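**Student:** Provided below for reference: sequence and predicted model.
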Amino acid sequence: MTLLGVATRVVVAPREAYAGLAKATPRNAGLRAMLALGILWALLLCVFALRKHAPSGPLLLPVDRAAYYGWEAALVVPLQLLMWWAMASVLHALSRRAGGTGIASQSRAVAGISVAVPYVLVWLVPDAFVYAAAGFDALGPLVRVTAPLCLLWALVLTTVGVRAVHGISSGKAFGIALVSLIVYAAIGAPVLR
């Protein structure tokens, strides 16, 4: 199944999609999902950089504010891959410790798909549309809505995925999903705006 097919199934019927991953994980599904996310995010950041936009919040990187989105565009793909790998590693280790039966490639697929689908559909697509329609200044209020929705959907999808591929209880799967998403976010928070 293609990455787009898997992502569509995750949106329409997440339990069935992750049950399918438990039976046959598409090769490098998590990696491909995160590459797609990183590339789409980089493209949006390139638009911001080319139009000379600058983030309004505090910056932790020692980079000129006016050049920040250019730097972020260059770093977002490798950073997303690092974040995904750390999340998947924690997710897999905790799942196995909790009695899970899934394999590492399934954990990587769950981590990648569970993050990429919400980020693209709830964060990047709305950002692109709102930016095109109302400009850069409209993105601040938008992110106050899309960021929590994205996180919530990623938490739900990760929980469903962990439960499906590792065969563990919903409570354990939720805790594992939460911890693994915290690891993911903690790595990216200092850089991603």
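**Tutor:** Happy to help now that I have it.

**Student:** which elements pack onto the one helix or strand in the chain whose mean pLDDT sits lowest?
**Tutor:** Least confident helix or strand, the chain: helix 3-12 with a mean of 82, by mean pLDDT, DSSP states H and E. When contacts are defined as 3 or more Cβ pairs under 8 Å, 6 or more residues apart in numbering; DSSP states H and E, helix 3-12 sits against helix 14-23, helix 29-50, helix 104-118. From N, CA and C alone the C-beta is placed, and that goes for glycine too.

**Student:** would you mind writing the CA trace of that helix as PDB?
**Tutor:** Below are the C-alpha coordinates for helix 3-12, written out as PDB (Å, rounded to 0.1, in the frame of the first residue of the first chain):
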ATOM      1  CA  LEU A   3       2.000   6.100   1.900                       C
ATOM      2  CA  LEU A   4      -1.000   8.100   0.700                       C
ATOM      3  CA  GLY A   5      -3.200   5.000   1.000                       C
ATOM      4  CA  VAL A   6      -2.000   4.300   4.600                       C
ATOM      5  CA  ALA A   7      -2.500   8.000   5.500                       C
ATOM      6  CA  THR A   8      -6.000   8.000   4.100                       C
ATOM      7  CA  ARG A   9      -6.900   4.800   6.000                       C
ATOM      8  CA  VAL A  10      -5.600   6.400   9.200                       C
ATOM      9  CA  VAL A  11      -7.900   9.400   8.700                       C
ATOM     10  CA  VAL A  12     -10.900   7.400   7.800                       C
END
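
**Student:** how far off centre is that helix?
**Tutor:** The chain centre lies 15 Å from the centre of helix 3-12; the measure is Cα atoms, centre = their mean, to the nearest Å.

**Student:** report the angle between the host helix or strand of residue 83 and helix 29-50.
**Tutor:** For residue 83, the host element (DSSP states H and E) is helix 68-97. Inter-element angle recorded for helix 68-97 and helix 29-50: 160 degrees (by axes from the mean of the first three to the mean of the last three Cα atoms, to 10 degrees).

**Student:** about what we covered before: deepest of the helices and strands packed on helix 3-12, which one?
**Tutor:** helix 104-118 (a mean of 27; mean count of other Cβ atoms under 10 Å).
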